[in-house]
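Undergrad: got a sequence here, can you build the structure:
(2 chains)
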Amino acid sequence: MRDNRRARVILAMLLLTAFTLITLDYRSGGGGPLRRIGNAIFGPIETAAADVARPIGGFFGSLGHLSSYKHDNDKLRRELAAAQEQNRLHAAQDAELSDMQKLLHLDQRAHYRMVAAHVIAVGSSLGFESTATIDAGSRDGLRKDQTVFNGDGLVGRTLSVGPSTSTVLLANDPNFAAGARLERSQEIGIFSGGGRRPMMFTLLDSQGAISRGAGLVTFGDIGDRPFVPEIPIGHITDVQPPNGALTRTATVVPYVHFTSLDVVGVVVAAGAPPPRDSLLPPRPTPNSSSPRPSSSASAGASPTTTP
Amino acid sequence: MRRQLYAAAVILTALLLQVTVVNRLHLPGGHPDLVLIALISLALVGGPAYGAVAGFAAGFVADVLPPADHTIGRLAFVYAIVGYAAGLLEDTEERSVVGAVLAVATGSAAAVVLFAGVGALLGDPRVTTGNVGHALLAAVIYDVVLAPFIVPLVSGAARRVEPAGVY
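TA: Residues are numbered from 1 along each chain as shown, chains lettered A, B, ... in the order given. This next block holds a predicted model:
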């Protein structure tokens, strides 16, 4: 408990500085120059760290298997380890390749000009944000507010762009919203990420027809930024009763697995929009369950009732 | 001086591991906070002033380290307080692991609550009761599990870097 007074003065000054930072960033609406500087300085370090981290993660994953061969002789063991390492690398490369192929497949049908990138970092220390760093930046032609997608569908939009890395706001973040259109119909509405809660689709027309299993695609924005049209988002799982509200809401299960993102594409230039509904995956049959276990906590998110 | 360099290296490593490895693991509920555990380990050796400065610096870098997207200054604020409080616990030479684990558990809970509190004041839509509850539970459990491994390692090395109370 030595020089406690000095420590208290230091703490008070630091907290004051932190409050000043918070105020400045809050008043400038966030995404100020500090974010770009952060991307410029730490982006390359993160890229390098991700390159190192990938094999290490794989190594820890394969430790369990290696231990069972300890009775074999040294040479055999080393050969086996090498073979397993090869195998694991092949498996990882295969997975990456199939990600790539799916992305290219979707992109070929869409005719967007895109830049492919890897996800190198996710989230932040304590934050509740659902964001990712990708290893492509302004040098590759990326700008703020561009569509990010992968072979399965919509991943998010670019938030801040550094020289060689960028931050992506993922579609399951509570801050995420995009104009969306229901498959086959003209019905439009707003898709929003829910964080821990399911994602929601708000239909602007309270009388509009909406059914379970219907696919949802992006509606597209003016000038194709932030969103180009026709990127698949997900399918409707649960429709809330109208309850006299002005809009109707439904929960959405996304096509993209946000926990295992690797290869993504960023649309840097959009050509003519692809034919309607041409990018959607085949519709799931009603009696088979949804492709993934939906986190259907149903979350007491009752529709707002304002008669 | 050597201690400052050591602290910077430890915190930067923790920050990078956090976003490139830990946050990408598929853990149920949430993630451990490596930066917080490293910070508490350093503060337990360095004292309150040291803890507050280290916490502020770690938090500020975490605020601008991509892909962070919260108001800049929030983590600096939270970690400065946690670092200071952990530093107050410093008085004996060798601490028991149990004490350190308790410090980490309290620090984790306090960090989540403070961070969410500042977020709520700023109107952050990501701060909901469900989110905070999950994060609180996950942070405390995972941090307590990791603390017995990380704290002795980081604290022990910190003592060896600059032995005999410069502070």
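Undergrad: find the closest residue to chain B in chain A.
TA: A:L21 (3.1 Å; CB to the nearest CB). All C-beta spots, glycine's among them, are computed from the backbone N, C-alpha and C.
Undergrad: who's in contact with the nearest residue to that residue once chain neighbours are set aside?
TA: Distance criterion CB to CB, 6 or more residues apart in numbering or on different chains; nearest residue to A:L21, sequence neighbours excluded, is B:G73 at 3.1 Å. Going by CB atoms under 8 Å, 6 or more residues apart in numbering or on different chains, B:G73 touches A:A18, A:F19, A:T20, A:L21, A:I22, A:T23, A:L24, A:D25, B:F60, B:D63.
Undergrad: in this structure the first one contacts B:G55, no?
TA: No - under the criterion of CB atoms under 8 Å, A:A18 makes no contact with B:G55, lying 9.9 Å away.
Undergrad: need the overlap of contacts for the two.
TA: By CB under 8 Å, 6+ apart, A:A18 and B:G55 have these common neighbours: B:A76, B:A80.
Undergrad: can you report phi and psi for the residue nearest to A:L21?
TA: phi 110, psi -20 (degrees, to the nearest 10).
Undergrad: against A:G208, how distant is A:P232?
TA: 20 Å (CB to CB, to the nearest Å).
Undergrad: the two: which has the busier surroundings?
TA: Using other CB atoms under 10 Å in any protein chain shown as the criterion, A:P232 and A:G208 rank with A:P232 on top: 22 against 16.
Undergrad: quick one: the more buried one and A:P281 touch, right?
TA: Yes - shown here, A:P232 and A:P281 form a contact pair, counting by CB under 8 Å, at 6.5 Å.
Undergrad: common neighbours of those two, please.
TA: A:D152, A:G153, A:G215, A:Y255.
Undergrad: could those go into JSON lines alongside distance to B:D124 and neighbour count?
TA: JSON lines is the format used below for the shared contacts of A:P232 and A:P281 (distance: CB to CB, whole Å; neighbours: other CB atoms under 10 Å in any protein chain shown):
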{"residue": "A:D152", "distance to B:D124": "29", "neighbour count": "18"}
{"residue": "A:G153", "distance to B:D124": "27", "neighbour count": "22"}
{"residue": "A:G215", "distance to B:D124": "32", "neighbour count": "23"}
{"residue": "A:Y255", "distance to B:D124": "28", "neighbour count": "23"}
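Undergrad: out of those residues, which comes closest to A:E183?
TA: A:G215 (3.8 Å; CB to CB).
Undergrad: all the helices of the chain, in order from the start?
TA: All of this refers to chain A. A:4-27, A:33-66, A:74-110 (DSSP state H).
Undergrad: please refer instead to chain B.
TA: For chain B, the helices defined by DSSP H occupy B:2-20, B:34-46, B:48-64, B:74-88, B:97-122, B:129-161.
Undergrad: who wins for proximity to A:D107 among these?
TA: Using CB to CB as the measure, helix B:2-20 is the one of these that comes nearest A:D107, at 26.8 Å.
Undergrad: any idea what the residue nearest the centre of chain A is bridged to?
TA: Residue closest to the mean C-alpha point of chain A, counted by CA atoms, centre = their mean, is A:L170 at 3.3 Å. Taking DSSP bridges as the rule, A:L170 bridges to A:G156.
Undergrad: how close does it sit to A:A81?
TA: In terms of CB to CB, A:L170 sits 36 Å off from A:A81.
Undergrad: got a pLDDT number for residue 69?
TA: In the absence of a named chain, this looks at chain A. We have a pLDDT of 44 for A:Y69.
Undergrad: my bad, chain B
TA: pLDDT at B:D69 comes out at 89.
Undergrad: could you check how far it is from chain A?
TA: Distance, B:D69 to chain A, using CB to the nearest CB, to the nearest Å: 5 Å.
Undergrad: and that residue, what does it touch?
TA: By CB under 8 Å, 6+ apart, the contact set of B:D69 is A:G30, A:S124, A:G127, A:E129, A:T131, A:L159, A:T167, A:L169, A:N175.
Undergrad: which of those are close to chain B?
TA: Among the contacts of B:D69, proximity to chain B is found for A:G30, A:S124, A:G127, A:E129, A:T131, A:L159, A:T167, A:L169, A:N175 (CB under 8 Å from any CB of the partner chain).
Undergrad: residue nearest the centroid of chain B?
TA: Most central in chain B (CA atoms, centre = their mean) works out to B:L36, at 1.2 Å.
Undergrad: now that residue. Nearest residue, chain neighbours left out?
TA: Closest residue to B:L36 apart from its sequence neighbours, by CB to CB, 6+ apart: B:A111 at 5.6 Å.
Undergrad: and for A:D25?
TA: Nearest residue to A:D25, sequence neighbours excluded (CB to CB, 6+ apart): B:I72, at 4.1 Å.
Undergrad: residue numbers of the stretch 51-200 of chain A in contact with chain B?
TA: A:53, A:56-57, A:120-129, A:131-133, A:159-160, A:162, A:165-169, A:173-175, A:195-197.
Undergrad: next step: these restricted to strands.
TA: The members of those that map onto strands under DSSP state E are A:I120, A:A121, A:V122, A:T131, A:A132, A:T133, A:L159, A:S160, A:S166, A:T167, A:V168, A:L169.
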